[in-house]
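Participant: Build me a structure from this.
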Amino acid sequence: MPPSRRRRLFTSLLLGLLVLAGVARAQPPAQPVSDATAHQIASELRCVVCQNLSVADSPSEMAAQMRAIVRERLAAGDTPEQVREYFVARYGEWILLSPRRRGFNLLVWGFPIAAVAVGLVAVAALLHRWTRRPAPAPPRIDAAMSERIRRELESGP
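Facilitator: Numbering: from 1, shown residues only. This is a model prediction of the structure:
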């Protein structure tokens, strides 16, 4: 191998090593991940396979992969909100077990409260109506009928 080619190869190798060393140094060190934090985030996410279980509770392989992603992102320095946003960006708001309290989702949170309030008002109105009914008036008896009843009571059987 000619010396000029050897020198270029050596220079390229040295430059590559320096670049790799710079990339390795530029990455922040992995932060310790709290099990409680990882479980909390996973419990707020819906499993895409089971759909009625959280990622924390699901036994599926996909949920295990999602739990691993949660841990990786937390170890990389993401906040819990950034991890949730990561999954929302990929799957949409559907991935959250509990919808956010803003915009159209307020109906999901407000409708049950409004339904209970309307039901309580309806029950109160019915109870008020039932307890405030006036006693039925005695039937009106004319004078002739009153006289006949009196005579029959006096005569006896």
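Participant: domains of this structure?
Facilitator: 29-98, 102-133 (automatic domain parsing).
Participant: got a markdown table for those, with distance to L9 and mean neighbour count too?
Facilitator: In this view, the C-beta of every residue, glycine as well, is placed from N, C-alpha and C. Listed next are the domains of the chain as a markdown table, based on distance: least, C-beta to C-beta, whole Å; neighbours: other C-beta atoms under 10 Å:
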| stretch | distance to L9 | mean neighbour count |
| --- | --- | --- |
| domain 29-98 | 33 | 15 |
| domain 102-133 | 59 | 10 |
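Participant: can you list these in a markdown table and add distance to R150 and mean pLDDT?
Facilitator: Shown next, in a markdown table, are these (distance: least, C-beta to C-beta, whole Å; pLDDT from 0 to 100):
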| stretch | distance to R150 | mean pLDDT |
| --- | --- | --- |
| domain 29-98 | 77 | 89 |
| domain 102-133 | 32 | 86 |
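Participant: Just put those in a markdown table and tack on distance to P2.
Facilitator: Below are the domains of the chain laid out as a markdown table (distance: least, C-beta to C-beta, whole Å):
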| stretch | distance to P2 |
| --- | --- |
| domain 29-98 | 44 |
| domain 102-133 | 69 |
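Participant: can you tell me which of these comes nearest to R148?
Facilitator: domain 102-133 (32.2 Å; C-beta to C-beta).
Participant: Which parts of the protein are strands?
Facilitator: Ranges of strands in the chain, per DSSP state E: none exist.
Participant: center of it - which residue?
Facilitator: Among the residues of the chain, the one closest to the centroid is S98, at 0.9 Å (C-alpha atoms, centre = their mean).
Participant: ok, for it, nearest residue in space, not its chain neighbours?
Facilitator: E44 (6.6 Å; C-beta to C-beta, 6 or more residues apart in numbering).
Participant: Distance of that neighbour relative to S60?
Facilitator: Distance of E44 to S60, computed by C-beta to C-beta, to the nearest Å: 17 Å.
Participant: Check L74 too.
Facilitator: From L74 over to S60 (counting by C-beta to C-beta), the distance is 21 Å.
Participant: I'd guessed D57 sits against S43; true?
Facilitator: Yes: using C-beta atoms under 8 Å, D57 is in contact with S43, at 7.2 Å.
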